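Enquirer: sequence and predicted model, in that order:
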Amino acid sequence: TPMYVYNENEQLDNLIDLSDPANANRRIINRLDQKIREVASNYMPDYIIKNPIVVTGDVVDEILRASITHDMIVMSTHGRKGISRLMLGSVAKKVVRSTARPVVVVEETSELTPFNRILLTTDFSEYSKKVFPYAYEFAKASGATLDFVHMVYAGAFKITPDHEVVQQAKTKLEELRDEH
């Protein structure tokens, strides 16, 4: 379901004539609904675009509210850096940190290619094990292979990890792979 969150401070003069303030909000929402449908239809068949969501409010809050009835969130990021990111924050970052739903964040430089290999990272914690079923389902649905990785922290002095530590990590990864 495509979604657009309308921030009331946003300039929308180019979308609609605001000469009738009493009905402006309804007209803006109708126009944004049309715009979502137009943009989405450039990338997917019309039958997929069932009920676009246009809401007014805080972008992060509204995405989180809408996600309650969805299984996954797919969103873009503007990729702001430095002061711009500090001042504006990152909607994608806030959504990722605030939702229990899986989130796919697509950056400007991302390319849509078939999934062939999926990298699953783990620190062996119970929390990190929760991603295994998701990764497995993505791999199964796409025909991709799963590669597992665990980084052995070498510390601030870049000390080479003990061979035994590395071997223990490899064994643990193999056990996790076999469990899932």
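Expert: Sure thing, it's come through.
Enquirer: which regions of the chain sit below the pLDDT cut-off?
Expert: Scanning the chain with the threshold set as pLDDT under 70 gives 1-19, 21-22, 79-89, 152-162, 180.
Enquirer: residue boundaries of the strands in it?
Expert: Applying DSSP state E to the chain gives strands spanning 3-6, 53-56, 73-76, 103-106, 117-121, 145-149.
Enquirer: how near is the spatially closest residue to Ala169 that is not a sequence neighbour to Val55?
Expert: Nearest non-adjacent residue to Ala169, counting by CB to CB, 6 or more residues apart in numbering: His150, 4.9 Å away. Backbone N, C-alpha and C define where each C-beta goes, glycine included. The gap separating His150 from Val55 is 41 Å, by CB to CB, to the nearest Å.
Enquirer: check which helices and strands the top helix by length along the chain sits against.
Expert: Ordering each helix of the chain by length in residues (DSSP state H) puts helix 21-41 first. With contacts taken as 3 or more CB pairs under 8 Å, 6 or more residues apart in numbering; DSSP states H and E, helix 21-41 sits against strand 3-6, strand 53-56.
Enquirer: quick revisit: can you count the residues close to the residue nearest to Ala169?
Expert: 17 (other CB atoms under 10 Å).
Enquirer: ditto for Met72
Expert: Residues near Met72, counting by other CB under 10 Å: 11.
Enquirer: also Ile73?
Expert: Neighbours of Ile73 using other CB under 10 Å come to 19.
Enquirer: next up, the contacts around it.
Expert: Listed by CB atoms under 8 Å, 6 or more residues apart in numbering, the contact set of Ile73 reads 63, 67, 95, 99, 101-104.
Enquirer: just give the closest residue to it, not the sequence neighbours.
Expert: Val103 (4.6 Å).
Enquirer: and the gap between that neighbour and Glu137?
Expert: Counting by CB to CB, the gap from Val103 to Glu137 is 15 Å.
Enquirer: between the two, which is the more surrounded one?
Expert: A direct count of neighbours by other CB under 10 Å for Val103 and Glu137 places Val103 higher, at 16 against 11.
Enquirer: isn't that one up against Met75?
Expert: Yes. Look at Val103 against Met75 with CB atoms under 8 Å: they come within range, at 6.9 Å.
Enquirer: overlap of the contact sets of those two?
Expert: 92, 95.
Enquirer: can you map out the helices along the protein?
Expert: 21-41, 59-67, 82-88, 91-98, 126-129, 131-142, 163-179.
Enquirer: angle of the fourth one against helix 59-67?
Expert: Inter-element angle recorded for helix 91-98 and helix 59-67: 50 degrees (by axes from the mean of the first three to the mean of the last three CA atoms, to 10 degrees).
Enquirer: which strands and helices lie in contact with helix 91-98?
Expert: helix 59-67, strand 73-76, strand 103-106.
Enquirer: circling back: restricting to C-alpha, output the longest helix of the chain in CSV.
Expert: Included here for helix 21-41 are C-alpha records, laid out as CSV according to Å, rounded to 0.1, in the frame of the first residue of the first chain:
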residue,chain,number,x,y,z
PRO,A,21,-9.5,27.3,2.7
ALA,A,22,-12.6,25.5,4.1
ASN,A,23,-12.1,22.6,1.6
ALA,A,24,-8.4,22.9,1.1
ASN,A,25,-7.4,19.9,3.3
ARG,A,26,-9.8,17.5,1.7
ARG,A,27,-8.7,18.7,-1.8
ILE,A,28,-5.1,18.3,-0.9
ILE,A,29,-5.6,14.8,0.4
ASN,A,30,-7.6,13.9,-2.8
ARG,A,31,-4.8,15.3,-5.0
LEU,A,32,-2.1,13.5,-3.1
ASP,A,33,-4.0,10.3,-3.4
GLN,A,34,-4.1,10.8,-7.2
LYS,A,35,-0.4,11.7,-7.2
ILE,A,36,0.5,8.5,-5.3
ARG,A,37,-1.5,6.4,-7.8
GLU,A,38,0.2,8.2,-10.8
VAL,A,39,3.7,7.7,-9.4
ALA,A,40,3.1,4.1,-8.2
SER,A,41,1.6,3.1,-11.6
